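Mind folding the following:
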Amino acid sequence: MAVTQPPRKQEWMEIPQGFTGCPPGLEYLMQIDQIIIKQEVHLLEVLTGWEVANKFQILNSMGQQIYYACEESTCLMRQCCGPSRGFKMHVTDNNQREVISAERRFKCCAGCCWCAGSDTCAYEMPVEAPVGTECGYIRQEFSKFSPHIKIYDHNRQPVFDIWGPCCPCQGICCTADIDFKFRWILM
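Okay, here's the model as predicted:
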């Protein structure tokens, strides 16, 4: 799949230099303390409810774009499975080079935070960076009410937890920013 980016009206972060041992394209992550993800709103989806492939701008704390992400999924999967759909996410840097790829396979019963303790019901995504080399793994974890995601390294050792807010009105009526809390897991 060819990954396309929007016209360069957004200010892009300057390409960092001088990081050795860092996978190509991930140097940006060495210089930031916050990531802001903004989903592009599609008029067709807002007016008709017709699901389109999602696209995201990934920004640093100064509002400079560091990455662009776009979803690859089938029309049938988007219309019939909604947010439970399987997809592949392509993340490109400002040279339009794909630097991260992550794939979430469809699972029939996935998504419920109460059932995420079961392998058959938890969302899981291997992450490749550079593309073709698995560097980690994302997995939904059990929780009572709030989204809980655990990030693992390439050896499947936990690195950190992500906790989201309990928001019963997610969707078009909930337009506020949603903060997720990260917590390092110390071994």
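
which regions of the protein sit below the pLDDT cut-off?
Per-residue confidence of the chain (counting by pLDDT under 70) places the weak regions at 1-9, 109-118, 120, 167-176, 186-187.

mind giving me the domain ranges of it?
What automatic domain parsing lists as the domains of the chain is 23-106, 109-187.

need the ones you listed in TSV with distance to residue 12 and mean neighbour count, can you?
No exception for glycine: its C-beta is placed from N, CA and C like everyone else's. Formatted as TSV, those follow (distance: least, Cβ to Cβ, whole Å; neighbours: other Cβ atoms under 10 Å):
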stretch	distance to residue 12	mean neighbour count
domain 23-106	4	16
domain 109-187	19	13
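
Looking at these, which is nearest to residue 13?
domain 23-106 (4.0 Å; Cβ to Cβ).

the helices in this structure, which residues?
Per DSSP state H, the chain has helices spanning 43-48, 75-81. These are given in chain order.

Could you export those as CSV, including distance to residue 16?
Written out in CSV, the entries for the helices of the chain read as follows (distance: least, Cβ to Cβ, whole Å):
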stretch, distance to residue 16
helix 43-48, 34
helix 75-81, 35
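
and of the ones you listed, who's closest to residue 147?
Short answer: helix 75-81, nearest of these by Cβ to Cβ, at 18.3 Å.

for that closest one, the distance to its chain's centre please.
With Cα atoms, centre = their mean, to the nearest Å as the basis, the distance from the averaged C-alpha position of helix 75-81 to the chain average is 19 Å.

Just the C-alphas of that helix, formatted as PDB.
Presented in PDB, the C-alpha positions along helix 75-81 are these (Å, rounded to 0.1, in the frame of the first residue of the first chain):
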ATOM      1  CA  CYS A  75     -14.400  -1.200   3.400                       C
ATOM      2  CA  LEU A  76     -16.300  -4.300   4.500                       C
ATOM      3  CA  MET A  77     -14.300  -4.500   7.700                       C
ATOM      4  CA  ARG A  78     -14.900  -0.800   8.500                       C
ATOM      5  CA  GLN A  79     -18.600  -0.900   7.800                       C
ATOM      6  CA  CYS A  80     -19.400  -4.200   9.500                       C
ATOM      7  CA  CYS A  81     -17.000  -4.200  12.400                       C
END
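
Can you add distance to residue 17 and give the domains of the chain back as JSON lines?
JSON lines is the format used below for the domains of the chain (distance: least, Cβ to Cβ, whole Å):
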{"stretch": "domain 23-106", "distance to residue 17": "8"}
{"stretch": "domain 109-187", "distance to residue 17": "18"}
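
Could you point out which of those sits nearest residue 15?
With Cβ to Cβ as the criterion, residue 15 lies closest to domain 23-106 of the domains of the chain, at 6.7 Å.

Residue 144 is nearest to which of the helices of the chain?
Between residue 144 and the helices of the chain, the tightest spacing by Cβ to Cβ is seen for helix 75-81, at 25.0 Å.
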